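**Student:** sequence and predicted model, in that order:
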Amino acid sequence: MNQNNFLRIIEIDKLIKDKSYPNCQFLQDRLKVSERTILRDIDILKEVFQAPVKYSKKFNGYFYGDDSFILKNVSLAEGDILAMLIGKNVLNLYKNTPYFEELEKAYNKISFMLPDYVSLDAKDIALVSLEMHNALNMEKSGIKTFKVLIEAFQSQHKVKIVIRDLLEGNKVIKSLVSPGILKFLNGTWYLLGYDQDQKKLKFFNISRIIKIRKMKETYKAEDIQKLISQSEHKQVKEEIVKVKIKFNSKIADFVLDRFTDNNYKTSYTPKGELVVEFQTGDIDTIYYWLLSFGPQVEIIEPFTLRSRIRKDLISMVTMY
């Protein structure tokens, strides 16, 4: 079976599992292939993978006679999943370039092979993430976090997390978590899981996890998925931060090119300073990027970011 056949089989399986009752015409249009090819793919699903594919006259489409059916021997290896997770961040480097659409299509094709605990939607591409240098220079700790989470998902083991909580003033907290889903939102990876200590579902920003350890204690994935489906955890609203910054007139024109996207609101002061307003879910990257401009930029909002840079600058002065 060549790669194209392989990817089509995976997508057809996904559509049937979602109970969207795809029919032959729908699959032809979606996959851009002939009716004969679709019928052959359905036969492969039935004969090679022993899929209980049936046709519903009522819904005019295919469905599985047994909901417990799992498409075997087409899953990604652990290392492949890890590469895909990291690669999603790197893809954002090409946003607003002529290559982005083509690269995104290729990535989304392959992403059909990702397990159900990974959520990747086209709409999840970053709102604002100025320079995703963290994606290209991911520290070993970040890669380890993904690796441990993949292991935990596959074996259904709980994890112990030590994380910096932005909403608690960067306070370091510990949580025992039953992983639910890895979700890519606003340019950042999040773990949505059940916090055993607080007895509720919570979003954990992967980039803020300091330590992670897989525990011996297990959990039932279906229980967490049921909680997620019943909850309103569709977005990470509390993580979206409004940022307002002002660049010195000496570099205003130079940096303007970085803010041509519709996500940014720009204006000039009478002194020629450039004022930029936007929203972001990747405040850490924004912070370190702004630090690189030194006295050429002033953070106006949010107040927490102003306080953070003031505190860091005072600490730096005491070192020299």
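**Tutor:** On my side now, so go ahead.

**Student:** now residue 222. Its backbone dihedrals?
**Tutor:** Dihedral angles of residue 222 (phi, psi; degrees, to the nearest 10) stand at phi -60, psi -30.

**Student:** per-residue confidence at it?
**Tutor:** Residue 222 is assigned a pLDDT of 88 by the prediction.

**Student:** just to be sure, residue 174 is in a strand?
**Tutor:** Yes: looking at residue 174 with DSSP: H, G, I helix; E, B strand; the rest coil, it is inside a strand.

**Student:** what's the neighbour count on it?
**Tutor:** 11 (other Cβ atoms under 10 Å). (Each C-beta comes from the backbone N, C-alpha and C, glycine too.)

**Student:** and the next helix or strand past the worst-scoring helix or strand of the chain on mean pLDDT?
**Tutor:** When the helices and strands of the chain are scored by mean pLDDT, DSSP states H and E, helix 133-136 comes last with a mean of 42. Downstream of helix 133-136, the next assigned helix or strand under DSSP states H and E is helix 140-155.

**Student:** tell me what that following helix is packed against?
**Tutor:** Packing partners of helix 140-155 (3 or more Cβ pairs under 8 Å, 6 or more residues apart in numbering; DSSP states H and E): helix 78-91, strand 157-165, strand 171-185, strand 209-218.

**Student:** repeat that with 10 Å
**Tutor:** Helices and strands touching helix 140-155, by 3 or more Cβ pairs under 10 Å, 6 or more residues apart in numbering; DSSP states H and E, are helix 78-91, strand 157-165, strand 171-185, strand 188-195, strand 209-218.

**Student:** okay, these, which one's buried deepest?
**Tutor:** Comparing these by mean neighbour count (mean count of other Cβ atoms under 10 Å), strand 188-195 comes out on top with a mean of 24.

**Student:** roughly how far is stretch 274-283 from the heart of the chain?
**Tutor:** 19 Å (Cα atoms, centre = their mean, to the nearest Å).

**Student:** how about low-confidence regions in the stretch 101-250 of the chain?
**Tutor:** 102-103, 105-114, 120-141, 166-170, 185-187, 232-239 (pLDDT under 70).

**Student:** if we go to 50?
**Tutor:** 122-137, 235-238 (pLDDT under 50).

**Student:** now the helices and strands packed on helix 140-155 in CSV, with distance to residue 61?
**Tutor:** CSV is the format used below for those (distance: least, Cβ to Cβ, whole Å):
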stretch, distance to residue 61
helix 78-91, 29
strand 157-165, 38
strand 171-185, 27
strand 188-195, 31
strand 209-218, 37
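
**Student:** surely residue 50 touches residue 65?
**Tutor:** No: counting by Cβ atoms under 10 Å, residue 50 stays clear of residue 65, with 11.7 Å between them.

**Student:** thanks a lot, see you next time.
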